[in-house]
Structure formats: structure tokens, C-alpha cells
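1. Here is my input; please provide its structure:
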Amino acid sequence: MSTPEDISQNKPLLWLMAAACGLCAGVNYYCQPLIHSIQQEFAVTQAQAALTVTFAQVSYALGLLFIVPMGDIVNKAKAIPFLMVLCAIGLFTSAFAVNLPMLWIGTILAGLFSVAAQVLIPLATMTVKPEKTGEIIGFLMSGLLVGILLSTSLAGLFSNLFHWKVVYVVSGVLMLLLAFTLKSRLPYVLRMKMNYGQIFVSMAQLLKQEKRLLLRALTGAFAFAAVSILYSTIALLLTSAHHLPDLFIGLVPLVGIFGALSTRYIGKYADQGHTGLLTWMGCGLFLVSWVCFYFGQTLLSSYVIGFALIQLALALVHTSNQSIIFRLRPDAKSRINAIYMTTYFIGGAGGSALGIFAWNRGGWTMTCLAGIGLVVLCILFSMFDTILQKKKMVSQ
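-> Numbers count the residues shown, from 1 in each chain. Alright, predicted model coming up:
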């Protein structure tokens, strides 16, 4: 079998892949600023409309666990466009929903198959030299994170200018165009010879054999949880303390784009062996950002600065994590990514729930304490990883 094309030299393809990552990742966030419009459209309660967000999160988590590992045993070059087409079907189902259950079905389909991005990233790392792994991860993560940050703002903007369903139509069309374009351009890489059941047996073995995978997955989970607290409470704080309208609330996350765009450069430093330093820099920025958030209940500028810093912190930790785990077992990158991202996403869901719980129990002060607590846990697992690496170096 011939060696796959080194896509690090193919800039147009890299840009297409980054756009696909961003579009797929953003799919699960469209509904967050649209809950009120969904409630009015279908004449349902706010709690029923809010279940749309839950369905998006749960379906994405199921896709991470049950679809992404298949990337090691299927032809990724064909599977990725196919997943994107299925995601587009979900988006169109949501766009033309005539009742709430139909919207839920579309949301579940879109969330389940939007994990195409998490198959795309391992594919990219398999087609470049090991010393460029971090750079490629960083470039694609820039697209993915920008897609997440833009999704809520664009959904709110389209809703205000046209109709809340427009964002689903536009995304569905773009998803099909990208899927068609990538179909003939993605490189083929060798796949493992195992059946679907054996995938999960091997994932359990990976967790047992690769202790660093578990430690880095937990580090990422608590980092993402510390960020997810903000997404579940941003509207609560900015409407109650600063009286901002929905449109401006949706614009606040855009300050995080600078952090998202930095991942490409973070990846380059990770390739030079600085993952430990980058992780600790991220942990430090997490703590600084939550101090800014605490004062953000009276100073809007402090909240905005904190939001920019925490996105940079997440980029530092997450890119370092992925740069490390994708080097552990080159033959199991999709399974490793499934383990990491499932743990990461569980952390995010837990952080969102903790944010609401803390707000209801003690307002913004309790929310900030919860955020700092999660950062401390992130630091703790980073320390365990550092200790593990030092022990390995001594034993060698």
C-alpha cells in the first residue's frame, strides 16, 4: 500500500478540513440561543424547549462513544463525507420541523453524526510526519473552536434578521457542499482488521495499558468542565447583573476567537516537546480567568477579559493533550480520540450542570468557586501526569 499524501503541504485541503471541523462542531450549539424562539414556535414550555440542548449533547456523546472508534476499521476517506451527509439530513429535518418531536429527531441525527470532525482529526495526524502532529492538530482545532464560538452568535443573528430555522438550512447546504468536496480529496490510510465488538475490548485495554491517556483525558475533562460552567450561566449573569439583550450576550463569546486561532501556534510548540510547559501555562490562565470572572459581576470588562483568557487556557491544555495522546499508539488513533473526547465531553456536560446548581445555591460567587474547584482538579491530574513521566524517565 502506498504512503498517504502528506497533507501538511496541501493548504487548500487543510482549510477545507478545518472548515468541516468547525461546521460539524458548531451544529450542536445552534439551539442554545434559540430556546425562546423554539418555545414560541411550537407553543411548548421552556423546559420542553430546553430539552433540545440536552438531546444535542447526549447524541453527540453517543456518537463519540459508538461511531468515532469505527474510524480505525473503516475507510475514513469515505466514512467522513458519509457522516457529514447524515448530519446534513438531521439539519434539514430540524429546519423543516413542524413540531417539537421532529426538531428533537433532527437534533439527535445532527448531533450523532457531527462527530465526523472527530474522525477527521485522527485521519489528518496519520498523514503527516510525527514531528508535525501538534501543528496539524492545532490548525484543525482552530477551525473547530472558531466554529463553536461562531455558532451561537450566528444562530442568534439569523434568528433576529430572518427566522430561527435559517441557520439549520444554511448549515445543511454547507455541510453537503463540504462533504462532496472532501469526498474526492481525503487521503486513504490503512485500517485495522477487527470487528465492531473487538473495538470496545481494545479500548478497555488501551485505558489499562496507556495510563497517560487516562490522565490526559481527565485533565481535559476538568478543563472543559471549567469552561462549560460559563456557557450554562452566561445568560443568567449578563441579563441579571448587566442587563444585556440576547444579541449582545451571543457576541461576548466571540472574544474567545483569538484563543481559538492560537491553537495552530500552540501545536507547533507542542511538536518541539513543550507540552508540559504549555499545560501549566493553560492551568495558570484558568486560575487568572476565574479571578476576572469573580469581578465580572460588577465589571463587564473583567468578564470579557476572563472569557478571552479562559478560551486561550483551554486551547493550551486541549491542544497539548491531543498532541500527547495521538503519539501514544499510532495504530489506534480513532479509538484513543474516542476515549479522550468522550471523557472530555462528559466533563463538559458535568460542568454545565454544576454551573446551574452553583448559581441556584449561591449565585455568581458560588459559581466562581465551583469553577476554581474544577481548575484545581485539572491541575491535580496534570501533576499526576508529570509525576508519571518523571518516573518513566528515571526507570529508563
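2. Moving C-terminal from the helix or strand bottoming out on mean pLDDT in the chain, which element do we reach first?
-> Ranked by mean pLDDT, DSSP states H and E, the helix or strand of the chain with the weakest confidence is helix 246-251, at a mean of 69. On the C-terminal side of helix 246-251, the nearest following helix or strand under DSSP states H and E is helix 257-261.
3. Let me know the average pLDDT across the very next helix or strand once past that next one.
-> Toward the C-terminus, helix 257-261 is succeeded by helix 263-271 as the next helix or strand (DSSP H and E). The pLDDT scores in helix 263-271 average 84.
4. And helix 263-271, what does it pack against?
-> Under the contact definition 3 or more C-beta pairs under 8 Å, 6 or more residues apart in numbering; DSSP states H and E, helix 263-271 sits against helix 133-161, helix 275-295, helix 300-325. Where you see a C-beta, it was placed from the backbone N, CA and C, and this is true even at glycine.
5. nearest to W104, of these?
-> helix 133-161 (17.0 Å; C-beta to C-beta).
6. Distance from the closest one to the middle of the chain?
-> On the basis of C-alpha atoms, centre = their mean, to the nearest Å, helix 133-161 is displaced by 10 Å from the centre of the chain it belongs to.
7. what's the answer for stretch 239-259, then?
-> In terms of C-alpha atoms, centre = their mean, the centre of stretch 239-259 is set 19 Å apart from its chain centre.
8. got it, and stretch 61-79?
-> 16 Å.
9. Repeat that for stretch 55-67.
-> With C-alpha atoms, centre = their mean, you get 12 Å for stretch 55-67.
10. And it, what's buried?
-> Residues 55-61, 63-67 are the ones in stretch 55-67 that count as buried (16 or more other C-beta atoms under 10 Å).
11. What's the mean pLDDT across it?
-> pLDDT averaged over stretch 55-67 gives 87.
12. Low-confidence regions, the stretch 151-300 of the chain specifically.
-> Low-confidence regions of the stretch 151-300 of the chain, defined here as pLDDT under 70, cover residues 190, 246-247, 250.
13. For burial, what's the neighbour tally of I257?
-> Close neighbours of I257, defined as other C-beta atoms under 10 Å, add up to 17.
14. contacting residues around it?
-> 146, 149-150, 311 (C-beta atoms under 8 Å, 6 or more residues apart in numbering).
15. now do 7 Å
-> By C-beta atoms under 7 Å, 6 or more residues apart in numbering, the residues touching I257 are 146, 149.
16. for Y265, same thing?
-> With contacts defined as C-beta under 7 Å, 6+ apart, Y265 is in contact with G138.
17. out of the buried residues of stretch 55-67, who's nearest Y303?
-> Nearest to Y303 among these, with distances taken as C-beta to C-beta, is Q57, at 24.3 Å.
18. give me phi/psi at the closest one?
-> As for Q57, its main-chain torsions (degrees, to the nearest 10) stand at phi -70, psi -50.
19. just checking, it touches A349?
-> Yes - contact criterion C-beta atoms under 7 Å: Q57 and A349 qualify, at 5.6 Å.
20. which SS class is L206?
-> Using DSSP: H, G, I helix; E, B strand; the rest coil, the structure places L206 in helix.
21. Could you list the domains of this structure?
-> 1-191, 192-396 (automatic domain parsing).
22. what pLDDT, on average, does stretch 27-40 get?
-> The average of the pLDDT scores along stretch 27-40 is 83.
23. How about residues contacting it?
-> Residues outside stretch 27-40 that contact it (C-beta under 7 Å, 6+ apart): 46, 49-50, 52-53, 56-57, 60, 87, 91, 103, 107, 110-111, 114, 148, 151-152, 155-156, 159, 164, 167-168, 171, 246, 250.
24. tell me how far it is from the chain's mean position?
-> 18 Å.
25. buried sites along it?
-> Those would be 27-35, 37-39, for stretch 27-40 by 16+ other C-beta under 10 Å.
26. when you check these against the helices, which ones overlap?
-> Using DSSP state H, 35, 37-39 are the members of the buried residues of stretch 27-40 that sit in helices.
27. could you dump the residues you listed to JSON lines with distance to S184?
-> What follows is these, written out as JSON lines (distance: C-beta to C-beta, whole Å):
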{"residue": "I35", "distance to S184": "39"}
{"residue": "S37", "distance to S184": "38"}
{"residue": "I38", "distance to S184": "37"}
{"residue": "Q39", "distance to S184": "43"}
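28. pull the longest helix from the protein.
-> Max-length helix for the chain by DSSP H is helix 333-395.
29. Check the offset of that one from the chain's centre.
-> Using C-alpha atoms, centre = their mean, the offset of helix 333-395 from its chain centre is 14 Å.
30. who does it touch, helix- and strand-wise?
-> helix 46-66, helix 116-125, helix 196-209, helix 211-240, helix 275-295, helix 300-325 (3 or more C-beta pairs under 7 Å, 6 or more residues apart in numbering; DSSP states H and E).
31. ok, and which of those has the densest surroundings?
-> Of all these, helix 116-125 has the most neighbours on average by mean count of other C-beta atoms under 10 Å, namely a mean of 26.
32. hang on, the earlier thing: could you identify the buried members of the contacts of stretch 27-40?
-> The neighbour count (16+ other C-beta under 10 Å) marks 49, 52-53, 56-57, 60, 87, 91, 103, 107, 110-111, 114, 148, 151-152, 155-156, 159, 164, 167-168, 171, 246, 250 as buried among those.
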